[in-house]
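Sequence and predicted model, in that order:
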Amino acid sequence: MNRANFVSGAIGVAVGGGALAGASEFPPDVVMNVGPAFFPSMLAGMLVLASAILMVGAALEPAAAAEARAPLRWSFADGRVRAAVTVAAVAGFTLVLGPLGFIPTSVLFLAGMMAMLGMRRPLPLLAVSVGVTAAIWLIFEKLLVLSLPAGILDSLLY
Amino acid sequence: MDLLLHSFGNVFHPSVMLVIAMGVAVGITIGALPGLTATMGVALLVPLTFGRPPLESLAMLLGLYCGAMYGGSIAAILVRTPGTPAAAATVLEGYPMAQRGEAGRALAMALFASFTGGLTGALIMTFLSPMISHVALEFSTVEYFALAVFGLSVIVSISGKSIVKGLMTGIFGLLISTIGADPISGYPRFIFGQMDLFEGPPFIPTLIGLFAVSEVIANVQVTQSLQRVRAVVDRYFPSWADIKASLVPIGRGSVLGALIGAIPGAGGDIAAFVSYGETKRTSKHPEKFGTGQVEGLAASECANNACSGGAMIPLLSLGVPGDAVTAVLLGAFVIQGLQPGPLLYKDHIDIVYNVFASMIVANFALLAIGLVGIRLFAKVILVRRAILMPSILVLSVVGAYAMRRDVFDVYFMLGCGVVGYFMQKHEFPLSPILLALILGPMAEANLRRSLVVSGGDFGIILTRPIAVALLVLAVASLAASFYNHRKIARRLAEQAARGEPPPG
Amino acid sequence: MKRRSVLKGLGAAAACGVVPFASARAANWPTRPITMICPWSAGGGTDLLLRKLAASLSKVTKQTVTVVNTTGGGGAIGHAAIMRAPADGTTIGMITFELNSLPPQGLIPFTWKDFDPIMRVNVDAPALTVNAKSPLNSLKDFADYAKAHPGEATIGNSGPGSVWHIAAAMMAEELGVTAKYVPFDGAAPAVTALVGGHLTAVSVSVAEVRSQVAAGNLKMLGVMGEARSDLFPDVPTFAEQGVKATFGTWRGIALPKGVKPEIRADIAKALKAAYDDPEFQEFAKSAALNLAYQDDKAFAGFLDKNASDVLRVMRSLGLAKV
């Protein structure tokens, strides 16, 4: 059995089933017979069907073949941590973007991420963080007149 | 003809040439930045043209339009993020090429294809506008529905190894596209109390999340010892062999792109996917697609640039914008006191020809600036991973945020990044989701509109010949792709049996 | 060359004279940069109008005025942002018609009464427009046609629950006919479909059909505004054809509730000066936006009537939840 495919299929069935249940509560369109629920229900049904096919295929697949074709296993223990930290860092970035402002947030984020990815010398680290931030800020604020949150630098920038 | 030559005289004026070059350069930059689309670029610069002479203003915006269409491919090739939705199909072949160390070759081909496609589109616009615009008006809601179904038939072609997985992601994409206000009744579907989802899943954040963020998540896991591997920037011009291999796909893609562009409401994203799908389907070795085939890259890039010229056709001759960018351009014309449409031809034929000439010149400017630029762009791939990855993330966040100034979109992007990462890890193709997000609303809204008109009778579809033809084509294309897919599987199996390494 | 710069200087001086506010700047406001919230995306009609008004406001107040687009939820997000903005005069918002059409649909938990309206900027009236080849030439023709061919008249609009959807329903209601309302994704595709002959009529604004009417592809049967359109003085209003209703989409300026009266007065004065700026007026004219100033009291009265009209029509359309 190909476990990854089986689980993916199960997720597909669950999503499709959930959508079917959700769509059943949409108001009907008495005139046209084709209301808000028509497309979502049809698609959800198709998703359940396709996912089921994948699950059956995965269940029937001989274990050896599945092993050979299975995608790369987690082999870098620290890699997995780094991926999780990256996701968390982006979420943190978004969280403080408003109150702290784009420039400080971006410099901190860049410096932290670069340090994690192996840039250790402080001077280039800082210079690149500030440089990249400044370039992005200039393009958005000045060239395109799209304002980014100023945050704590509010009084300084205006 | 005299008028056209005279218009070239106007356009060759140094100040006009300068604004075209500026427009192209800004366009390439905007296009290359994920989250900033050609539409947004033009929209942001329209207010700046207020009070400037019409020729200069329009020439700059047209240059920007052409530049942004090419710029989208740069990010697609180098960092696997379509800079604009129209470059989504370019990722399929462009990124594997860059991974192989052929970033320069890919960029050069994208430029060549963009230039050829853009020029073809501009020429078709110059000489065939009146004819094509009448066909475009024939499209009622029924034809739009059929066109969307035809576009969706490409999903099998971009499914990768497993059709079931391709279909699953395609259907999943279509299902997500129904999130938000129902196009006919306005009923909010699957929004879970989030007003941010009322207008549907935010498209640009989805695009950035699925492609850019997922790639960064995968990339940061690679250990540092591998980091020093440096790609070689191989070349800055397309080779003669590449050009020869791509001639037919470029020719077909350019014409397809211009025609799809001319249909109001269908833009470069659809054109690029259809052109790519057709090229893969008719190729002698479809099994190599997805591993960095230069003609696949050429097919998608020429189609989206040819679309620009095509989209100008209904704008100029009917006053009906052909895509989102030309809808904004319509505003730019109005600000200049010009009303695109039949009256423009009657009262301001000089402006019409100036637009034709500007568009043609803009494509040459694109070629010139691009050739210089490639040397610069390609260097991106030489940037240390430790710098590149965090920078891509900051750009992604800003790109997702800028459109609506809504942090919800950034979280949504991050969610898509995580989903995209796991999908890729388990060999689910990502492009079908994008295609579904573009075409799903088009298919549903237009079918339902047709049913409003017919009072719920599906028979209305069969009363429209163009729609029936498109639907038949969709079925044929689907059948051919299925057949093709089996052929690909057989060839790959043969190669494996002979002990050859799989392509790519 | 020299003379031109002298003239420019004179112009600037004159502008200062016209705008006494700029020279005798009150100390109350603005002491800080001003932010204007646009509930619609960059590049759209509302955005363009607000950005021009902001530019003029900046000229008048000599302060930086930044326009931010806070969009989403069909205008719900941006309007909520204006309502919740700090009430210190640093944040001003542009409110639009959707503020009256979202509450009946249960999509926002607040109404215009939760805002402090300052001035109405523009009103665009819809027109009942048909293909130029259509045999219909007046509202009466249209009503007769719709009665003679039940279930065949189709009116295209710009989206479900949108302003022109409501306009279409109001037109049908006033004409005493039934029609099918076909919602499109914005006004442009509906107009295109009408040009292609796939609809009986559209109910979008005069500005949105303007170019096709001028080109002779479409013709307007009647304008639903208070007066005839400046662009097409030949087209009669609904009232002139015996149909009393008037309707239109509107845009105005509002503050979050609770801004101090003296600051509020300064803001209102500055905004009026920005509205009167020739550059702004010139822009609105070239973009075919029908300027329709009202002061705060008149605007509030207008909003009240508009809200109840919209609620009534949305109920009859089955779009209202309350």
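In hand now; what should we look at? Quick caveat: nothing in here was measured; it's all calculated off a predicted structure. Residues are numbered from 1 along each chain as shown, chains lettered A, B, ... in the order given.

per-domain residue ranges of chain C.
C:33-124+C:248-317, C:127-241 (automatic domain parsing).

Of all the ones you listed, which one comes closest to B:Val164?
domain C:127-241 (32.4 Å; Cβ to Cβ). Quick note: C-beta positions are derived from backbone N, CA and C, even for glycine.

any bit of the closest one sitting next to chain A?
No. Domain C:127-241 lies out of reach of chain A by Cβ under 8 Å from any Cβ of the partner chain, never closer than 9.1 Å.

That domain spans what distance, first to last residue?
13 Å (Cα to Cα, to the nearest Å).

can you tell if it touches chain B?
Yes. Applying Cβ under 8 Å from any Cβ, one finds domain C:127-241 touching chain B at C:151, C:154, C:159-161, C:180-185, C:188-189, C:191-193, C:195-199, C:210-212, C:214-217.

Those in strands, which ones?
Under the assignment DSSP state E, these contribute C:Thr154, C:Lys180, C:Tyr181, C:Val182, C:Pro183 to strands.

And the residue nearest the centre of chain C?
Among the residues of chain C, C:Trp250 comes closest to the average C-alpha position under Cα atoms, centre = their mean, at 2.9 Å.

just for chain C, where's the confidence low?
Residues of chain C meeting the criterion pLDDT under 70: C:1-27, C:42-44, C:322.

Mind telling me which residue of it is nearest chain A?
In chain C, the residue that lies nearest chain A is C:Pro33 (4.6 Å; Cβ to the nearest Cβ).

which non-adjacent residue is nearest that residue?
C:Thr64 (4.1 Å; Cβ to Cβ, 6 or more residues apart in numbering or on different chains).

What about the one you found, how many residues nearby?
When counting by other Cβ atoms under 10 Å in any protein chain shown, one arrives at 14 neighbours for C:Thr64.

is chain A contacted by stretch B:385-394?
Yes. Residues of stretch B:385-394 are located near chain A by Cβ under 8 Å from any Cβ, namely B:Arg385, B:Ala386, B:Ile387, B:Met389, B:Pro390, B:Ser391, B:Leu393, B:Val394.

Please identify which of those is nearest to B:Gly170.
The closest of the residues of stretch B:385-394 next to chain A to B:Gly170 turns out to be B:Leu393 (Cβ to Cβ; 28.0 Å).

Helix or strand next in line after the helix or strand encompassing the closest one, which one?
Secondary structure assigned from DSSP states H and E places B:Leu393 in helix B:385-402. Counting by DSSP H and E, the next helix or strand C-terminal to helix B:385-402 is helix B:407-425.

List the buried residues for that next one?
B:407-421, B:423-424 (16 or more other Cβ atoms under 10 Å in any protein chain shown).

Can I get stretch A:47-61 as CSV, trimmed to CA atoms?
Extracted C-alpha coordinates of stretch A:47-61, given in CSV (Å, rounded to 0.1, in the frame of the first residue of the first chain):
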residue,chain,number,x,y,z
LEU,A,47,-13.5,15.3,-6.0
VAL,A,48,-14.8,12.4,-3.8
LEU,A,49,-14.8,10.1,-6.8
ALA,A,50,-11.3,11.0,-8.0
SER,A,51,-9.9,10.8,-4.4
ALA,A,52,-11.6,7.4,-4.0
ILE,A,53,-9.9,6.2,-7.2
LEU,A,54,-6.5,7.3,-5.8
MET,A,55,-7.2,5.6,-2.5
VAL,A,56,-8.1,2.3,-4.2
GLY,A,57,-5.0,2.5,-6.4
ALA,A,58,-2.9,3.3,-3.4
ALA,A,59,-4.3,0.4,-1.4
LEU,A,60,-3.7,-2.1,-4.3
GLU,A,61,-0.2,-0.9,-5.0
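
now A:Ile53, nearest residue through space, not along the chain?
B:Val164 (5.5 Å).

no no, C:Leu57
Nearest to C:Leu57 is C:Ala274, by Cβ to Cβ, 6+ apart, at 4.0 Å.

The one you found: what secondary structure?
Per DSSP: H, G, I helix; E, B strand; the rest coil, the local secondary structure of C:Ala274 is helix.

same thing with C:Asp116?
Assignment for C:Asp116 (three-state DSSP): strand.

try B:Ala327
With three-state DSSP as the basis, B:Ala327 sits in helix.

and after the lowest-mean-pLDDT helix or strand in chain A, which helix or strand comes next?
The helix or strand of chain A with the lowest confidence, counting by mean pLDDT, DSSP states H and E, is helix A:63-69 at a mean of 51. Tracing the chain past helix A:63-69, the next element assigned as helix or strand by DSSP H and E is helix A:77-100.

picking up where we left off before, filter the residues of domain C:127-241 next to chain B down to the ones in helices?
C:Ala188, C:Pro189, C:Val191, C:Thr192, C:Ala193, C:Val195, C:Arg210, C:Ser211, C:Gln212, C:Ala214 (DSSP state H).

re the thing from before, would you turn the domains of chain C into TSV with distance to B:Ser73?
Listed next are the domains of chain C as TSV, based on distance: least, Cβ to Cβ, whole Å:
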stretch	distance to B:Ser73
domain C:33-124+C:248-317	23
domain C:127-241	27
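
can you tell which of the ones you listed is closest to B:Thr282?
B:Thr282 sits nearest to domain C:127-241 of all those, at 32.3 Å, using Cβ to Cβ.

Pull the contacting residues for the residue nearest to C:Leu57.
C:Ala274 sits next to C:Leu53, C:Ser56, C:Leu57, C:Lys59, C:Val60, C:Phe280 when contact means Cβ atoms under 8 Å, 6 or more residues apart in numbering or on different chains.

Name the residues that touch the helix or strand where the third one lies?
C:Leu57 is located in helix C:45-61, with elements delineated by DSSP H and E. Helix C:45-61 is contacted by residues B:46-47, B:50, B:331, C:15, C:19, C:21-22, C:25, C:30, C:34, C:36, C:38-41, C:64-67, C:69, C:94, C:96, C:121-122, C:251, C:253, C:270-271, C:273-275, C:277, C:279-280, C:283-284, C:287, C:289 when judged by Cβ under 8 Å, 6+ apart.

so that helix versus helix C:187-195, what angle?
130 degrees (axes from the mean of the first three to the mean of the last three Cα atoms, to 10 degrees).

sorry, back to before: the residue nearest to the centre of chain C and C:Leu218: what is the separation?
Per Cβ to Cβ, to the nearest Å, C:Trp250 is found 24 Å from C:Leu218.

can you check B:Ile179 too?
Taking Cβ to Cβ, one finds B:Ile179 at 35 Å from C:Leu218.

What of B:Met97?
From B:Met97 to C:Leu218 the distance is 49 Å (Cβ to Cβ).

the helices in the chain, which residues?
Using chain A. Assigned by DSSP H, the helices in chain A fall at A:3-23, A:38-60, A:63-69, A:77-100, A:102-116, A:122-137, A:154-157.

The chain in question should be chain C.
Using DSSP H, helices in chain C cover C:2-18, C:20-23, C:45-61, C:76-84, C:98-101, C:139-148, C:163-175, C:187-195, C:206-214, C:261-276, C:278-286, C:296-317.

can you check the stretch 201-350 of chain B too?
Under the criterion DSSP state H, counting those that start in this stretch, the stretch 201-350 of chain B contains helices at B:203-208, B:214-219, B:240-262, B:268-282, B:294-318, B:324-335, B:342-347, B:349-378.
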